[in-house]
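In: Provided below for reference: sequence and predicted model.
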Amino acid sequence: MTAADAATVVATPSATRGQRAGELGRALLRSRTFMVGAVVLAFWVLDAIFWPAIVPHDPSSTGTDILVGPSGDHLLGTDNLGRDVFSRVLAGARSVLIVAPLATLIGLIGGTTIGLVSGYHRGIVDTSSAASSTRSSPSRRS
């Protein structure tokens with residue numbers, strides 16, 4: 001390698017953040033797994049927003065059709081109070097899409113706080129937090 005080649009190698013700029021983001025976006029759009037997940041997520045987000053217009057029956061109204069199996073009128077059947085299960089699933093998406101991210105955020109904040117405190121103080125704090133985390137996780141049995 002000559003000095004001119006070395007200068008050329010050093011002078012070559014690396015990809016910018018925007019170029020790397022574009023490459024990542026193109027790779028994600030080519031991924032079938034990502035696209036299937038995006039479609040499922042989009043369905044549930046749209047359902048959570050527009051469920052009052054989508055549901056075929058009032059999700060909280062009871063009826064005389066108790067424990068009826070799936071049919072043309074009740075796609076997933078009815079429960080023990082005669083409520084349409086399909087309508088209840090669609091209506092429940094809003095609360096799930098609110099509670100699940102909040103629970104994740106609470107776990108993230110709690111785990112980060114415990115990890116920072118035990119990492120900073122070490123000693124008894126680190127030992128006790130490690131011991132409590134191993135006791136709370138399920139054991140592997142043969």
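Out: Perfect, thanks for sending it. Residues are numbered from 1 along each chain as shown.

In: What part of this structure, helix or strand, is modelled with the least confidence?
Out: Averaged element by element with mean pLDDT, DSSP states H and E, the chain has its least confident helix or strand at helix 3-11 (a mean of 57).

In: Residue 70 touches residue 84, doesn't it?
Out: No - Residue 70 is beyond contact range of residue 84, at 10.8 Å (criterion: CB atoms under 8 Å). Backbone N, C-alpha and C define where each C-beta goes, glycine included.

In: Which one's more surrounded, those two?
Out: When residue 70 and residue 84 are compared on other CB atoms under 10 Å, the one with more neighbours turns out to be residue 84, at 26 against 12.

In: wait, the more buried one sits on residue 62?
Out: No - counting by CB under 8 Å, residue 84 stays clear of residue 62, with 10.1 Å between them.

In: for residue 58, what are its contacts?
Out: By CB atoms under 8 Å, 6 or more residues apart in numbering, the contact set of residue 58 is residue 87.

In: Find the nearest non-adjacent residue to residue 45, please.
Out: Nearest non-adjacent residue to residue 45, counting by CB to CB, 6 or more residues apart in numbering: residue 97, 6.7 Å away.

In: which helices and strands sit right next to the strand or helix carrying that neighbour?
Out: Residue 97 is part of helix 85-121, with elements assigned from DSSP states H and E. If contacts are counted by 3 or more CB pairs under 8 Å, 6 or more residues apart in numbering; DSSP states H and E, helix 85-121 sits against helix 32-54, helix 123-136.
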